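Engineer: Below is the sequence, then the predicted model.
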Amino acid sequence: MTPAAFPERERVDAHDKVLGRTRYAADLPFPGLLYAMTVPATIARGTLAALPTAPALRVPGVVRVLTAADFPPPAAPAGGMPAPPTLTDEIAYRGQPVALVLAESLEAAIEGAEALEPVYAQQSFAPLIDSAGAARAPAEPVRAGDAGAALGAARATLQERYVSPAQHHNPIEMLSTTAVWADGMLTIHEGTQAAGPVRAGVARALGLDPAKIAVSSPYTGGAFGQKGGVQRQTAIVAQAAILTGRPVKLVMPRGQIFHNATFRPLSRHQVTLGATAERPLSVIRYDADHQQSRTGQFPPSYHESTRVCYDVPDYDGTSANVRIDTQDPGYMRAPHPHPAHFALESAIDELSYKLGRDPVALRLEVPATKDPVSGHPLSSCLLSDCLRVGAQRFGWDRRSAAPRSMRLADGTQVGWGVAGGAYPVNTTAAIATLRIGADGSTRFAVTGHEFGQGIRTVIAQLLQAELGIDASRLDIAIGDTRAAPQHTTAGSWGTNSVVPAVAKACERLKAAMAELLAGRPVEGGIHRQLAAVKRPFLQVEVSTLAAGQDPSALDRLRAGGFAKAGPEYPGYASHSYIAHFVEVRVEPRTRRVRVPRVVSVADCGRVVSPRTAASQVRGGVVMAIGSALREETEVDPRYGGWLNADLADYVVPVNADIGDIEVEFIDRPDPLTNAIGTKGLGEVSMVGAAGAIANAVYHATGIRVRKMPIRIEDLL
């Protein structure tokens, strides 16, 4: 396939979405539907001593109340991973569901749930990362060179501590599950990033044959990692459908989502940098830890990208879980690199001031060429290009270097900040079926999920470019285990994994078409050619593997497991890069921070869908503005659980908070990743932007804030 630049096209699903024609999981109607509502625990740790169900059953319309007695015992771990929990009498965190009320109407389900008064035997708990009873569990260190010796030889060092708060995803589509049990087959409709793992997880939790389960998620109304795993409510609702023989739907209220879905954990970062006379950044020592549940598996992987932005041969990275009594934390957009690069890029900015160097020039002096830990060369690293292009477009040369030196006529302080970022390039195995019809129709079924990132548009763009199909009659079947095995779509590997599958399918179909025509010249496009030779359709099936994978990855994919490779591939490592330039304005009296403009330049390989790619970057920057200036989920240490578990008190940016976000791409194909040369974009778009904001705030005010969010009281 050609690596030439792709034209800008509109989203293929835009019209249906704005006209309300797109159906999400909770929109689907079923005859005889029962409505469900969970009952959350009101203690942070302990056991359920009693749960009288009669008060709920007296509510008109309530059909049944499910408790722990209605579920099989927890399944044994498989592959080191526990089965998704259902209803249990053991309470591990405040808000954990202890019962499920089923009713003929949503109102009756809510009233029935509110009528229940569980009795608990409470136990002591540790609600905070620094609470008594918190247990620190170190992870394997990540090391290259000799950081201790390098720091000893450094002519200048900097050591500081940075904090990233707990934060929650708040996609517009709330968590919902609709389960239908019919003729011995369980069908689950759910907004998810992981239809295959959901299928496998529910099968394990309920002791079912995975072949008897189908999971469908053709569209997901936002996710950002929150829907990347098996949700706790899924198997609970599925069991309710099996026991009642009726379709069951649960739409979890947002307050309960805060307490049951995964979240970005609070993390702490101590960064030590060293500089020599020859190299302004020569060594990094970096220790990080984060809050973790008692049994959670979310790793403290804060060193995956901080070591590959700059040429730093001596790197010493340590990390740890700090286990407390909370629900499992998990992946939220740019899960580790976002807080890690907030810390690292803030520290580099501080070092630049200590050395009297321009922050952009310092970074340009130490361009990365390899991963110092593995020693592998980078497939491509155009961060320096991002910095140069961004500086030019932003007008960085007009910046006054001294803090507090730029003001508007009314006294508003102006600050300019810069930061870089990186994110691993991952790829999964994929399976796809392409069917071209003589009637003008095309159907492409593949592993992957659409949650707003534009993967359907990428597929359509490639099919149009290679085969000239009728885009108006294109059916893209994704997120459905009945159409193709489904992986978890996350970590910016969705597009990077589907592109090779589309490319291979197009090549295979062209070859089949050439064989069919056997040299006969037939006028018109591919649909017309099929009609001319009286062939109703042509279909091919392909599978693709990431570099270094063997066919066992396809077996894992079919079984609902991970089939991911990267960022370390045979002989090379691969990452995407970005540079953010930010202007902030700090009001002289209220000290409120505004962000009137941002310039972001990304190195994500070849850009297949320019419009959706630019949208991804703007969305990542908006999330970073929220993280840097607004968002923090707070814990009530007396009772556990989250205090601001709603969108009134969990503050996110609104339109008035967002100024101009200018997006640019280097758009140079990576020579090693795949035939098109794509790399990931959705995650890296957020990385470093919060650090650039914090650096701009320092430039404006002279006040260095080393934690997120930066609030008015920090600048008084």
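Structural biologist: Done, it's in.
Engineer: The residue nearest to Val687 when sequence neighbours are not counted: how many residues sit nearby?
Structural biologist: Leaving aside its chain neighbours, Val687 sits nearest to Gly421 (3.1 Å; criterion: Cβ to Cβ, 6 or more residues apart in numbering). Every C-beta, even on glycine, is put in place using the N, C-alpha and C of the backbone. Counted with other Cβ atoms under 10 Å, the neighbours of Gly421 add up to 37.
Engineer: Extract the C-alpha trace of the helix or strand hosting Gly421 and format it as CSV.
Structural biologist: Secondary structure from DSSP states H and E places Gly421 in strand 413-424. Taking C-alpha atoms only, strand 413-424 is exported to CSV below (Å, rounded to 0.1, in the frame of the first residue of the first chain):
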residue,chain,number,x,y,z
GLN,A,413,0.3,37.7,34.0
VAL,A,414,1.3,35.8,30.9
GLY,A,415,3.3,32.6,30.8
TRP,A,416,4.6,30.3,28.1
GLY,A,417,5.5,26.7,28.7
VAL,A,418,6.7,23.8,26.7
ALA,A,419,6.9,20.0,27.3
GLY,A,420,7.5,16.9,25.4
GLY,A,421,5.9,13.5,25.7
ALA,A,422,6.0,9.9,24.4
TYR,A,423,3.8,6.8,24.5
PRO,A,424,4.7,3.2,23.6
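Engineer: next helix or strand past that strand?
Structural biologist: Sequence order places strand 427-428 as the next helix or strand after strand 413-424, per DSSP H and E.
Engineer: Now do the contacts for the residue nearest to Val687.
Structural biologist: The neighbours of Gly421, taking Cβ atoms under 8 Å, 6 or more residues apart in numbering as the test, are 305, 309, 334, 337, 341, 345, 577-580, 684, 686-689, 691.
Engineer: which among those gets closest to Ser380?
Structural biologist: Proximity of the contacts of Gly421 to Ser380 (Cβ to Cβ) peaks at Tyr577, which lies at 8.7 Å.
Engineer: Isn't that closest one up against Asp603?
Structural biologist: Yes - if you go by Cβ atoms under 8 Å, Tyr577 and Asp603 touch, sitting 4.2 Å apart.
Engineer: how about the strands of the stretch 101-250 of the chain, start to end?
Structural biologist: Along the stretch 101-250 of the chain, counting by DSSP state E, counting those that start in this stretch, strands occupy 119-122, 135-138, 142-144, 156-164, 176-182, 185-190, 213-216, 248-251.
Engineer: just how off-centre is the third one within its chain?
Structural biologist: Just to be clear, that refers to strand 142-144. Here strand 142-144 is found 26 Å from its chain centre; the criterion is Cα atoms, centre = their mean, to the nearest Å.
Engineer: residues near Leu51, how many?
Structural biologist: Using other Cβ under 10 Å, Leu51 has 20 other residues around it.
Engineer: how much space is there between it and Cys604?
Structural biologist: 51 Å (Cβ to Cβ, to the nearest Å).
Engineer: Now do the buried residues in the helix of greatest length in the chain.
Structural biologist: For the chain, the helix that runs over the most residues, judged by DSSP state H, is helix 494-517. By 16 or more other Cβ atoms under 10 Å, the buried positions in helix 494-517 come out as 494-506, 508-509, 513.
Engineer: Which strands or helices does that helix pack on?
Structural biologist: Under the contact criterion of 3 or more Cβ pairs under 8 Å, 6 or more residues apart in numbering; DSSP states H and E, helix 494-517 touches strand 427-428, strand 430-437, strand 442-446, helix 455-467, helix 526-532, strand 537-544.
Engineer: Now do that helix, average pLDDT.
Structural biologist: Throughout helix 494-517, pLDDT has a mean value of 94.
Engineer: Can you check what angle separates that helix from helix 455-467?
Structural biologist: For helix 494-517 against helix 455-467, the angle by axes from the mean of the first three to the mean of the last three Cα atoms, to 10 degrees is 30 degrees.
Engineer: Lowest mean pLDDT among the helices and strands, pick that one out for the protein.
Structural biologist: The helix or strand of the chain with the poorest confidence is helix 14-18; it has a mean of 90 (mean pLDDT, DSSP states H and E).
Engineer: then the longest helix of the chain to CSV, C-alphas only?
Structural biologist: Extracted C-alpha coordinates of helix 494-517, given in CSV (Å, rounded to 0.1, in the frame of the first residue of the first chain):
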residue,chain,number,x,y,z
GLY,A,494,-6.6,0.1,17.7
THR,A,495,-5.7,1.9,14.5
ASN,A,496,-2.1,0.6,14.6
SER,A,497,-3.5,-2.9,14.6
VAL,A,498,-6.4,-2.6,12.2
VAL,A,499,-4.3,-0.8,9.5
PRO,A,500,-2.2,-4.0,8.7
ALA,A,501,-5.4,-6.1,8.6
VAL,A,502,-7.0,-3.7,6.1
ALA,A,503,-3.9,-3.6,4.0
LYS,A,504,-3.6,-7.3,3.9
ALA,A,505,-7.3,-7.8,3.2
CYS,A,506,-7.1,-5.4,0.3
GLU,A,507,-4.0,-7.1,-1.2
ARG,A,508,-5.6,-10.5,-0.9
LEU,A,509,-8.8,-9.3,-2.5
LYS,A,510,-7.0,-7.6,-5.3
ALA,A,511,-5.2,-10.9,-6.0
ALA,A,512,-8.4,-12.8,-5.9
MET,A,513,-10.0,-10.3,-8.3
ALA,A,514,-7.1,-10.5,-10.7
GLU,A,515,-7.4,-14.3,-10.7
LEU,A,516,-11.1,-14.1,-11.3
LEU,A,517,-10.7,-11.7,-14.2
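Engineer: Count the residues that sit near the residue lying closest to Pro637 once chain neighbours are set aside.
Structural biologist: Excluding the flanking residues, the one nearest Pro637 by Cβ to Cβ, 6+ apart is Pro127, at 4.9 Å. Pro127: 22 surrounding residues under other Cβ under 10 Å.
Engineer: again, but for Tyr423
Structural biologist: Other residues near Tyr423 come to 32 when the count uses other Cβ under 10 Å.
Engineer: Please name the spatially closest residue to it (chain neighbours excluded).
Structural biologist: Once flanking residues are discounted, Tyr423 sits nearest to Val684: 3.7 Å by Cβ to Cβ, 6+ apart.
Engineer: Quick one: residues contacting Leu344.
Structural biologist: 271, 284, 286, 306, 309, 691.
Engineer: Poorly predicted segments of the stretch 51-200 of the chain, please.
Structural biologist: The stretch 51-200 of the chain contains residues with pLDDT under 70 at 79-81.
Engineer: Secondary structure of Val697: a helix, I assume?
Structural biologist: Yes - membership of Val697 in a helix is supported by DSSP: H, G, I helix; E, B strand; the rest coil.
Engineer: Compute the number of surrounding residues for it.
Structural biologist: Val697: 27 neighbours (other Cβ under 10 Å).
Engineer: With just CA atoms, put stretch 688-705 into PDB.
Structural biologist: Taking C-alpha atoms only, stretch 688-705 is exported to PDB below (Å, rounded to 0.1, in the frame of the first residue of the first chain):
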ATOM      1  CA  GLY A 688       3.200  16.300  28.500                       C
ATOM      2  CA  ALA A 689       0.400  18.800  28.100                       C
ATOM      3  CA  ALA A 690      -0.200  19.100  31.800                       C
ATOM      4  CA  GLY A 691       3.600  19.700  32.300                       C
ATOM      5  CA  ALA A 692       3.600  22.400  29.700                       C
ATOM      6  CA  ILE A 693       0.700  24.100  31.600                       C
ATOM      7  CA  ALA A 694       2.500  23.900  34.900                       C
ATOM      8  CA  ASN A 695       5.700  25.300  33.300                       C
ATOM      9  CA  ALA A 696       3.700  28.100  31.800                       C
ATOM     10  CA  VAL A 697       2.100  28.900  35.200                       C
ATOM     11  CA  TYR A 698       5.600  29.200  36.700                       C
ATOM     12  CA  HIS A 699       6.800  31.400  33.800                       C
ATOM     13  CA  ALA A 700       3.800  33.700  34.400                       C
ATOM     14  CA  THR A 701       3.900  33.800  38.200                       C
ATOM     15  CA  GLY A 702       7.300  32.700  39.500                       C
ATOM     16  CA  ILE A 703       5.400  30.100  41.600                       C
ATOM     17  CA  ARG A 704       6.400  26.500  41.000                       C
ATOM     18  CA  VAL A 705       3.400  24.200  41.700                       C
END
